[in-house]
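>>> Have a look; sequence and predicted model below, questions after that.
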Amino acid sequence: MGRQAIDWRPLDGTLRRMDRAGLSIKRQARKLQVSERAVYQRRSALGLGRKQKSNEAVAHV
C-alpha cells in the first residue's frame, strides 16, 4: 500500500523559514509531521543545502 503524496506547496515557505532559523532537519520533520528523508529531499530540491563553512581567516588582535 502506497503512502499519500505530500503537497509541498503550502509547506515550502515554512521550510525556508525554518532553514533561515537554523532548525535541524530532525526538528523540521517533527514540526511539519513528515519524515526526515522527505524534508532532506525537498530541501535539496529547493536549493537549501548544508550551510557553507566560512574560510575566512580569523585574526584575534
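That came through, no problem.

>>> Which parts of this protein are helices?
Counting by DSSP state H, one finds helices in the chain at the ranges 9-21, 25-32, 36-46.

>>> and the first one with helix 36-46, angle?
Pointing back at helix 9-21 there. 90 degrees (axes from the mean of the first three to the mean of the last three CA atoms, to 10 degrees).

>>> Identify the residues contacting helix 9-21?
Outside helix 9-21, the residues that touch it by CB atoms under 8 Å, 6 or more residues apart in numbering are W8, R27, Q28, K31, L32, V34, V39, R42, R43, L46, L48. C-beta here means a position set from N, CA and C on the backbone, and glycine is covered the same way.

>>> Of those - the most surrounded one?
Comparing the contacts of helix 9-21 on neighbour count, V39 comes out first with 25 neighbours (neighbours: other CB atoms under 10 Å).

>>> Excluding residues flanking it in the chain, which one is nearest that residue?
Once flanking residues are discounted, V39 sits nearest to A29: 4.6 Å by CB to CB, 6 or more residues apart in numbering.

>>> Please name the residues that touch the one you found.
For A29, the contact set (CB under 8 Å, 6+ apart) comprises S35, E36, A38, V39.

>>> contacting residues around the last one?
For V39, the set of contacting residues under the criterion of CB under 8 Å, 6+ apart consists of L15, I25, Q28, A29, L32.

>>> One more pass at 6 Å, please.
If a contact means CB atoms under 6 Å, 6 or more residues apart in numbering, then V39 has I25, Q28, A29 as its contacts.
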